[in-house]
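> Below is the sequence, then the predicted model.
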Amino acid sequence: MSAFTKELTRRQTDPAGRRWLFVPYDQLSDQIGPLSREDPAECGIVLVESLWKARRRPYHRQKLAWVLANMRQFALEQAGRGVAVRYVRTEGPYREALESLIGDAGPLRVMCPAERELRLDLEPLVTARALDVLAHEGWLTTTEQFEESQGDGPPWKMDAFYRHVRRQSGLLMEGGKPLGGKFSFDSDNRKPWSGEPPAPEPPRYPADPVKEEVGELIERDFARHPGRLDMATVAATRDDVERAWSWATREALPRFGPYEDAMSVRSRTLFHTLLSPLVNLHRLTPARVVRETAALDIPLPSKEGFVRQVLGWREFIRHVHEVSDGFRAVPGGTPVRPAPGDGGWSRSSGMAWQAGPSPEGFDGGAAPSALGAHEPLPAAFWGQRSGLACLDTVVRDVWEHGYGHHITRLMVLANIATLLAIEPRELTDWFWAAYVDAYDWVVEPNVLAMGTFATGPLATTKPYVSGAAYINRMSDYCSGCRFDPASTCPITPLYWAFLARNRDVLRDLPRMRLPLASEAKRPRERRHADQMTFKHVRAVLGAGRELDEDLQGQS
């Protein structure tokens, strides 16, 4: 008997006469829903470890560790409170595991799952009235608030949503006006980091038998999955979670604002809180982190910047994902992949990814491409060196840790992929597999809408692309690169080639008029060289080779 099973058995109480609640993998909290209100002695919960779900994509080993370790610790915590726990491991989808319990436990309840894939999996049980769906109490805003803020929408606008919910909640407001005189301090929070003040070391967490077993399970059952496994960086117990929150409030948040967009080879995390996997699992509730951050005695730009990420952007993208059905229901329609993609894993590794059979009605996600981008993702995203220090550094960090902050994701990975006309769906699937905090409602809007502009101006006002100057200004990556950001780096001609290639699609976007006008003024020979650089870089990286200095004459 495993240490987890033994300890769960020791803590178990009589399951008779309980009202049962299915708790999805990302609702691991007793601060929301029925568990926050009902007598533990009258409650029972069902938790399901689905090997089918874990093998559906080549998820980073570290992501599997976060989910499995937190599920098991949550089960133990609830059993310790007197809640009856049924912990099920299954080879199949969630619906199959729950069907086998319903005859014995009776109809189950569940708070509405955040992930569309899980909602679809459970739909037959809901239709059969074997599963009663309750409102998800982990969200901070309602559909009504989103709709009120957007007018007739789309296009959907995060700024309008954020201002609306700030006013209604009263958060960081005084006398009906925002503290500091403005809703967003984003323009103040764009400083590069020179090494001072010193960036804190990310926290590490003690080993315990449950965590060790999860690590052994992943090494045994998920050996084909990519990424480095480091259980010491996984916060899973209640003490771990409190340590993570204490570290974030003490070491990260006070200096978060000014440096939130900075990137450095000397600190992968800088002053980012590293809380996203815990918040997305609800081990830390969004309500708590927003409330307690608002009460901290820290500079307002740092406080507002963090609140905007959680109350603003995080809530906004989940509404966009929900109202658009994962971008399947958008004006003009969009293609939908028949099966889940592996983000180029098969092509890079030379081994086919076997996702297993999908239940009826499942698909591989919406695949919009407003810019007509359809190139395969290069092997550089799976660890093959590209010769670009920024890309290679960020990719290395991702496969070592399963994490990178929002600017490395947006302005290095998504930026370079967009400049190279990489297929947005494949990039989305890569993000979904690679990051410990990635779920469909998070990753699809962030990559398809913001990162690649694949949905056009549906939820963002422009493509977030740049040349080498931005990366050089906001990071120290370029100092260790073979290319000079001012003269030889191919990212700058890739940027100009992107503008020229997509001029017809972008010309009506107000925020693109100046960049397009600048591109039009480039001498003909430079514009030709831009296109040649695009073709050359695409071919070299597409062949899995490394770029070298022979680009100097083309940039």
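Received it, and whenever you're ready, just let me know what you need. Just so you know, these numbers come straight off a predicted model, no measurement behind them.

> so where's the stretch 101-250 of the chain uncertain?
Applying pLDDT under 70 to the stretch 101-250 of the chain flags no residue at all.

> Now do the buried residues in the helix or strand that contains Glu99.
Here Glu99 sits within helix 94-105, counting by DSSP states H and E. Residues Tyr94, Arg95, Glu96, Ala97, Leu98, Glu99, Leu101, Ile102, Ala105 are the ones in helix 94-105 that count as buried (16 or more other Cβ atoms under 10 Å). C-betas here are computed from N, CA, C, even on glycine.

> Please work out which residues outside that helix touch it.
By Cβ atoms under 8 Å, 6 or more residues apart in numbering, the residues outside helix 94-105 that reach it are 18, 20, 22, 44, 46, 48, 50, 53, 86, 88, 90, 108, 118, 121-122, 124-125, 130-131, 359.

> counting contacts, what elements does the longest helix seen in the chain pack onto?
Across the chain, the longest stretch assigned as helix under DSSP state H is helix 61-81. Helix 61-81 sits against helix 3-11, strand 43-50, strand 84-90, helix 209-221, helix 276-281, with contacts defined as 3 or more Cβ pairs under 8 Å, 6 or more residues apart in numbering; DSSP states H and E.

> quick one: strands adjacent to the second one?
Right, the one you point to is strand 43-50. Here strand 43-50 has these sheet partners by DSSP bridges: strand 19-22 (parallel), strand 84-90 (parallel).

> what's the nearest residue to Ala417 once chain neighbours are set aside in contact with, if anything?
Closest residue to Ala417 apart from its sequence neighbours, by Cβ to Cβ, 6 or more residues apart in numbering: Leu427 at 4.9 Å. With contacts defined as Cβ under 8 Å, 6+ apart, Leu427 is in contact with Gly343, Leu377, Leu413, Ala414, Ala417, Val447, Gly451, Thr452.

> How much space separates the fifth one from Leu541?
It refers to Ala417. Ala417 sits 10 Å away from Leu541, going by Cβ to Cβ, to the nearest Å.

> again with the last one
According to Cβ to Cβ, Thr452 and Leu541 sit 17 Å apart.

> So if I had to pick from these two, which one is more boxed in?
With neighbours defined as other Cβ atoms under 10 Å, Thr452 and Leu541 compare such that Thr452 has more, 29 against 26.

> quick one: contacts for the more buried one?
Listed by Cβ under 8 Å, 6+ apart, the contact partners of Thr452 are Leu371, Ala373, Ala414, Ala417, Thr418, Ile422, Pro424, Leu427, Thr428, Pro463.

> Now it: phi and psi?
Phi and psi for Thr452, reported as degrees, to the nearest 10, are phi -120, psi -10.

> Let me know the next secondary structure element after the helix holding Glu99.
Note on helix 94-105: by DSSP H and E, the next helix or strand toward the C-terminus is strand 108-111.

> quick check: angle from whatever helix or strand comes next after that following strand to helix 94-105?
Using DSSP H and E, the helix or strand that directly follows strand 108-111 along the chain is helix 116-127. Counting by axes from the mean of the first three to the mean of the last three Cα atoms, to 10 degrees, helix 116-127 lies at 40 degrees to helix 94-105.

> Just name whatever secondary elements the helix or strand following helix 116-127 is in contact with.
Counting by DSSP H and E, the next helix or strand C-terminal to helix 116-127 is strand 131-134. Counting contacts by 3+ Cβ pairs under 8 Å, 6+ apart, strand 131-134 is packed against strand 108-111, helix 116-127.
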